[in-house]
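Q: Sequence first, then the predicted structure, then my questions.
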Amino acid sequence: MLKIQNLKAGYKSLEILHGIELEVKPAEIVAIIGPNGSGKSTLLKSIFNLCEIYSGKIIFKNKDITKLPTHYLIQEGICYVPQGRQVFSTLTVRENLEMGCFILEDHELFKRNLADVYNKFPVLKKRENDLALNLSGGEQQMLAIARALMTEPRILILDEPTLGLSPKVSGMVIKTIEKLREDLGVSILLIEEKIKLVLSIADRIYIMNQGEIIYETSKANYFKDEDIFKKFVGL
């Protein structure tokens with residue numbers, strides 16, 4: 001589905017990523033974890049062409065998408081939900097969802113996708129006429145994810161979806177992410193600092209440190225090398 005090959009990227013002349021190799025398979029949940037400042041968010045931004053890419057390739061469904069403009073990436077089926085619950089606070093829930101599907105020209109498709117999103121997130125249907133700023137933190141995160149789903153993505157990229165949320169709400173968000181994979185068959189690539197939560201749903205995990213992938217493991221072997229986890233992610 002998604003392959004990153006020997007990627008070097010950063011900001012202007014500052015290289016943050018040093019030869020990243022990563023893969024996300026169809027209908028797979030892959031998590032990236034590691035210390036703050038290790039380059040995790042830069043990696044996600046590089047996929048969505050939001051930083052400088054110096055060398056390497058990003059392949060999606062066997063197509064080279066390296067440095068493609070953002071709107072083309074959305075059309076290809078890639079959606080990115082940045083950290084911080086970035087919703088349009090002065091727009092209603094419905095208006096936020098409408099903004100999420102600006103590339104759709106088929107009105108019937110829009111109505112179908114809206115109905116599907118409301119079915120998956122009933123709280124958003126209930127509050128569709130409320131301003132986004134009046135939603136709780138958890139509801140705003142649900143809205144950010146729902147807005148991304150309006151374009152029927154094949155891969156959903158999430159940067160710390162539980163940031164700033166209570167343990168209870170964080171658990172709800174993580175379960176929602178897992179259910180999206182089960183219901184839609186969508187691939188998911190996410191950064192998450194709440195390690196125990198992400199271990200409960202991820203098929204594979206990459207550990208990053210200082211701009212490099214230092215360890216990769218599957219769900220069946222998360223603790224094969226416990227020293228790595230203890231050293232870099234505090235388990």
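A: The structure has been received and is ready for your questions.
Q: helices and strands around the lengthiest helix in the chain, which ones?
A: Ranked by residue count under DSSP state H, the longest helix found in the chain is helix 167-184. Where contact means 3 or more C-beta pairs under 8 Å, 6 or more residues apart in numbering; DSSP states H and E, helix 167-184 is packed against strand 29-33, helix 107-120, helix 137-149, strand 187-191, helix 195-199. Where C-beta positions appear, they are placed from N, C-alpha and C, glycine not excepted.
Q: Could you give me the buried positions within the longest one?
A: By 16 or more other C-beta atoms under 10 Å, the buried positions in helix 107-120 come out as 110, 113-114, 116-118, 120.
Q: Ok, the last one next?
A: Taking 16+ other C-beta under 10 Å as the basis for neighbour counts, the residues of helix 195-199 that come out buried are 195, 197-199.
Q: Following element in sequence after that helix, please.
A: Next along the chain after helix 195-199, taking DSSP states H and E as the criterion, comes strand 204-209.
Q: Okay, now the sheet partners of that following strand, with direction.
A: strand 29-33 (parallel), strand 212-218 (antiparallel) (DSSP bridges).
Q: could you redo the ones you listed as JSON lines and give each row mean neighbour count?
A: Output for the strands paired with strand 204-209, formatted as JSON lines (neighbours: other C-beta atoms under 10 Å):
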{"stretch": "strand 29-33", "mean neighbour count": "23"}
{"stretch": "strand 212-218", "mean neighbour count": "16"}
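Q: Which of those comes out lowest on mean pLDDT?
A: Mean pLDDT values for the strands paired with strand 204-209 show the minimum at strand 212-218, a mean of 90.
Q: quick one: secondary structure of C101?
A: With DSSP: H, G, I helix; E, B strand; the rest coil as the basis, the three-state label of C101 is coil.
Q: Find the nearest non-adjacent residue to it, please.
A: In this structure, C101 finds its nearest non-sequential neighbour in M150, 3.9 Å apart by C-beta to C-beta, 6 or more residues apart in numbering.
Q: Around that neighbour, how many other residues sit close by?
A: By other C-beta atoms under 10 Å, 23 other residues sit near M150.
Q: gap between the closest residue to A27 other than its chain neighbours and V173?
A: Nearest non-adjacent residue to A27, counting by C-beta to C-beta, 6+ apart: G185, 4.7 Å away. For G185, the distance to V173 (C-beta to C-beta, to the nearest Å) stands at 20 Å.
Q: neighbour count winner among these two?
A: V173 (22 against 10).
Q: residue ranges with poor pLDDT in this structure?
A: Residues of the chain meeting the criterion pLDDT under 70: 102-107, 223-235.
Q: which residues make contact with stretch 164-182 from outside it?
A: 27-29, 84-85, 120-121, 136-138, 141-142, 145, 149, 156, 158, 161-162, 186-188, 190, 192, 194, 197-198, 200-201 (C-beta atoms under 8 Å, 6 or more residues apart in numbering).
Q: hang on, the earlier thing: using TSV, lay out the buried residues of helix 107-120 together with distance to N221.
A: Shown next, in TSV, are these (distance: C-beta to C-beta, whole Å):
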residue	distance to N221
F110	43
N113	38
L114	41
D116	36
V117	36
Y118	39
K120	32
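Q: Relative to I33, which of those residues is nearest.
A: K120 (26.3 Å; C-beta to C-beta).
Q: Nothing else from me, thank you.
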